[in-house]
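Enquirer: Let's see this in three dimensions:
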Amino acid sequence: MTEKTILITGACGLVGHPLSQLLTARGDKVVGLDPADPPTPVDGMTHIQEPFGDFHMLSALLKDHNVGKIVHAGGISGPMLAKDTPHLINRVNLISTIDLAEAAYRAGIERFVYCSSGSAYGVTPDSPVREDTPFRPTSVYGATKAASDLVLMAYRDEYDLDVVGLRYSSVYGPRRSTDCAIRTMIEDAMAGRESKFDWGAGEFWPFVYVDDIVTATSAALDAPKTPQYAYNVAGPDMPAVQRIAELVFESFPNALIELGANPRRDKRGRFDLSAAERDLNWSPEWDIERGVNAYIEWFLANRANA
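Expert: Down below sits the predicted model:
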């Protein structure tokens, strides 16, 4: 039998690129769909350098490359992007996901892993956030993630598509290109600029280092049939934003970081990770101290390209 391929959409992105490196290194056959160039070459990955297509393009891709599993990491990757064109966020994040789900269902895909987001929850209780927490998104981006989750859950329940949704908390780490408090603090400290935030004083936030995201996604790809659709993915701690600033100060004593007292619109509690530990045999390894220090080391080693 011909070896099945793993399709990764967004294969050159923050999650897709290191995931493709991990999977090819262990011997998997990977095809990556992404219009961008990879940050570094990935030996063993077939790169399709095209935009995310419609149902017909995706169906042909699955057939032509003998795809058996999918990781859907492509799309507009945060509420800070395309804010002036909400229709684009809807088309890229929701309609394209529906097209891919339909193509996957018709192709008999063995496992579909959807990279969702804690932004689907939006505002949450302070108590541990479980996967059955009601959606209250505070952005169109978050709404597309919630809507995609609902559509994919319906495909799972009604059409038996083996799909698993991972709700990532706020991801940080090497090659993040979008707005992130940790990235901003480090970049400003390196450049001698002041970092000013209108939030953060007295607040805690569920960050997660990108390496934990990659191992969780790989675990979801490999796990046997799961008893539920959604799984939270977050770091092992719920750090104070002030603690992150202190870690930056330790490496850059002259850093200027000012945290404001305004609360965030999308206040979020600690993610409950017990379901992922039970069903995916996964738990995070990168606490905030280890993650921030590794991120700083990466910035220092890649000053020209960061």
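
Enquirer: if you go through the stretch 201-306 of the chain in chain order, where are the helices?
Expert: Under the criterion DSSP state H, counting those that start in this stretch, the stretch 201-306 of the chain contains helices at 210-222, 241-251, 274-279, 288-301.

Enquirer: Tell me which of the ones you listed sits most buried.
Expert: The highest mean neighbour count among the helices of the stretch 201-306 of the chain belongs to helix 210-222 (a mean of 22), with neighbours defined as mean count of other C-beta atoms under 10 Å. Every residue, glycine included, has its C-beta placed from N, CA and C.

Enquirer: buried residues in the longest helix along the chain?
Expert: Scanning the chain for the helix with the most residues, using DSSP state H, yields helix 140-159. Neighbour counts over helix 140-159 (16 or more other C-beta atoms under 10 Å) mark 140-149, 151-153, 155-156 as buried.

Enquirer: Quick check: which of the helices of the stretch 201-306 of the chain is nearest to residue 34?
Expert: helix 210-222 (15.7 Å; C-beta to C-beta).

Enquirer: low-confidence ranges in the stretch 101-250 of the chain?
Expert: Nowhere does the stretch 101-250 of the chain drop to pLDDT under 70.

Enquirer: one more time with 80, if that's ok
Expert: 127 (pLDDT under 80).

Enquirer: which residue ranges form the strands in it?
Expert: Applying DSSP state E, counting those that start in this stretch to the stretch 101-250 of the chain gives strands spanning 111-117, 163-168, 170-172, 194-200, 207-209, 230-233.

Enquirer: Just put these in CSV and tack on mean neighbour count and distance to residue 183.
Expert: Rendered in CSV, the data for these read as follows (neighbours: other C-beta atoms under 10 Å; distance: least, C-beta to C-beta, whole Å):
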stretch, mean neighbour count, distance to residue 183
strand 111-117, 26, 17
strand 163-168, 25, 16
strand 170-172, 22, 6
strand 194-200, 16, 10
strand 207-209, 25, 11
strand 230-233, 26, 19
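
Enquirer: Adding distance to residue 262 as columns, could you present those strands in JSON lines?
Expert: JSON lines is the format used below for those (distance: least, C-beta to C-beta, whole Å):
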{"stretch": "strand 111-117", "distance to residue 262": "23"}
{"stretch": "strand 163-168", "distance to residue 262": "25"}
{"stretch": "strand 170-172", "distance to residue 262": "18"}
{"stretch": "strand 194-200", "distance to residue 262": "5"}
{"stretch": "strand 207-209", "distance to residue 262": "19"}
{"stretch": "strand 230-233", "distance to residue 262": "26"}
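
Enquirer: what's the closest of those to residue 33?
Expert: Proximity to residue 33 (C-beta to C-beta) singles out strand 111-117 among those, at 13.5 Å.

Enquirer: Next, the angle from that closest one to strand 163-168.
Expert: With axes from the mean of the first three to the mean of the last three C-alpha atoms, to 10 degrees as the basis, strand 111-117 and strand 163-168 are set at 30 degrees to each other.
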